[in-house]
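Asks: take this sequence and fold it.
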Amino acid sequence: MEALNAFPLLDKAAVREHGACLISDNARRPLFKGSTSGTTGSPLVLWQDLNAINRENAFIWRQLEWAGLRRGDRRAWLRGDLVVPADAAGPPFWRMNHAENMLMLSSYHLAESNVPAYIAAMERFDPIVIQAYPSSIAFLAKWLDAAGRTYGGTALKGIVTSSETLNAGEEALIAKRFGCRVFDWYGQSERVAAIGTCEHGRKHVIGDYSFVEFLQAGDGLYEIVGTCFSNLAMPLVRYRTGDYVKLEEAAAGCECGRHFPLVAAIQGRVDDAIKLPDGRHVVRLGHIFKGIEGILEAQIRQEQLDQITIMIVAADSFSEIEKAKLNANARDRLGSGVGIRIAEVSSIPRSKGGKLRSVVCTI
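Replies: Residues are numbered from 1 along each chain as shown. Reported below is the predicted structural model:
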């Protein structure tokens with residue numbers, strides 16, 4: 001991989017500005033358009049081929065197998081899908097996906113008053129593995145902890161979290177209240193790096209997924225720089241992810257016998273939750289920006305319970321049509337009980353560390 005040093009580092013700004021030039025002339029059609037979730041406030045438009053999609057699914061399934069799942073096993077899903085309408089007032093907040101033997105639960109209806117119904121539904125279904133946003137499964141674990149309860153399912157072998165940063169305290173609480181190991185999976189829409197948790201709880205850089213470099217960033221942190229192996233339609237070479245890890249100090253291998261490199265901790269995406277008048281806590285709202293053209297940067301802000309503001313730095317291509325789409329996307333996930341204001345601004349303030357937070361809640 002020494003030949004890679006001849007390539008310059010590639011950053012998000014370059015992909016955003018010149019993305020169309022990065023599509024290979026030899027790309028096998030059809031191509032599928034996607035985008036990042038906007039957790040940095042600036043979504044990227046990305047293209048991939050069918051092989052890249054299939055390969056991504058294969059790696060995720062390998063992580064699920066590390067957690068104890070086998071094809072056909074019962075699985076629960078608590079992530080960002082619009083399972084039921086946002087204004088649904090009472091359970092069920094879930095639907096059954098019979099094709100995949102999967103109970104799909106809404107992450108947009110998590111309120112203290114609704115948790116008993118969620119827990120009861122999961123216990124009845126009794127999944128082998130739960131896939132969830134860290135903040136969503138932590139919400140249930142905190143309720144169980146406050147109630148002095150533990151999850152009552154008997155078949156659960158593991159919980160696979162992804163898409164958000166999982167902190168050690170929440171991981172320990174989830175494991176305690178659900179009675180199983182938490183398997184955290186790190187990836188990104190750019191498909192340039194993946195980190196998975198093995199049966200012994202250690203985090204492995206998935207070496208056959210991509211080529212990963214670690215760029216020293218100070219304070220014991222290293223930025224993840226990845227080169228894609230699978231997406232030949234839009235291959236990203238030496239791409240700076242903007243996410244950081246702490247490396248394992250010891251050079252010894254893992255008890256699981258795999259020879260993938262090890263990291264001690266991942267420092268990546270941390271968002272606030274939006275709090276709604278009906279008691280719901282909603283996370284991972286980057287979905288509302290998918291498919292919207294002309295947004296250079298964005299941030300969702302909440303300073304009062306019944307109102308949110310979506311601040312955007314707009315390009316010339318951001319039209320009233322795109323604005324209406326954005327409003328509709330936000331309404332689909334938040335419901336009618338909160339006001340939504342879209343404000344076009346010239347810039348969005350950064351944190352003291354210079355980072356752009358995608359969701360800021362001050363209440």
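Asks: restricting to C-alpha, output the top helix by length along the chain in PDB.
Replies: As assigned by DSSP state H, the longest helix anywhere in the chain is helix 50-66. Extracted in PDB, the C-alpha atoms of helix 50-66 (Å, rounded to 0.1, in the frame of the first residue of the first chain):
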ATOM      1  CA  LEU A  50     -24.900  -2.900  -6.800                       C
ATOM      2  CA  ASN A  51     -21.700  -4.800  -5.800                       C
ATOM      3  CA  ALA A  52     -20.900  -2.200  -3.200                       C
ATOM      4  CA  ILE A  53     -24.300  -2.400  -1.700                       C
ATOM      5  CA  ASN A  54     -24.100  -6.200  -1.500                       C
ATOM      6  CA  ARG A  55     -20.600  -6.200  -0.100                       C
ATOM      7  CA  GLU A  56     -21.700  -3.700   2.600                       C
ATOM      8  CA  ASN A  57     -24.600  -6.000   3.600                       C
ATOM      9  CA  ALA A  58     -22.200  -8.900   3.800                       C
ATOM     10  CA  PHE A  59     -19.900  -7.100   6.300                       C
ATOM     11  CA  ILE A  60     -22.800  -6.100   8.400                       C
ATOM     12  CA  TRP A  61     -24.100  -9.600   8.400                       C
ATOM     13  CA  ARG A  62     -20.700 -10.800   9.600                       C
ATOM     14  CA  GLN A  63     -20.900  -8.400  12.500                       C
ATOM     15  CA  LEU A  64     -24.400  -9.800  13.300                       C
ATOM     16  CA  GLU A  65     -23.000 -13.300  13.300                       C
ATOM     17  CA  TRP A  66     -20.300 -12.200  15.700                       C
END
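Asks: for it, the averaged confidence score.
Replies: Taken as a whole, helix 50-66 has a mean pLDDT of 96.
Asks: what residues sit buried inside it?
Replies: Within helix 50-66, the residues scored as buried using 16 or more other C-beta atoms under 10 Å are Ala52, Arg55, Glu56, Phe59, Ile60, Gln63, Leu64, Trp66. For every residue, glycine as well, the C-beta is placed using N, CA and C.
Asks: equivalent analysis for stretch 220-240, please.
Replies: 221-228, 230-231, 233-240.
Asks: verify the stated contact: Ser24 with Met234.
Replies: Yes. Taking contacts as C-beta atoms under 8 Å, Ser24 lies within contact range of Met234: 6.9 Å.
Asks: about what we covered before: what is the longest helix of the chain packed up against?
Replies: When contacts are defined as 3 or more C-beta pairs under 8 Å, 6 or more residues apart in numbering; DSSP states H and E, helix 50-66 sits against strand 158-162, strand 181-185, strand 195-197.
Asks: so what are the sheet partners of the helix or strand encompassing His204 and their directions?
Replies: Using DSSP states H and E, His204 falls within strand 203-205. If you go by DSSP bridges, strand 203-205 pairs up with strand 195-197 (antiparallel), strand 262-267 (antiparallel).
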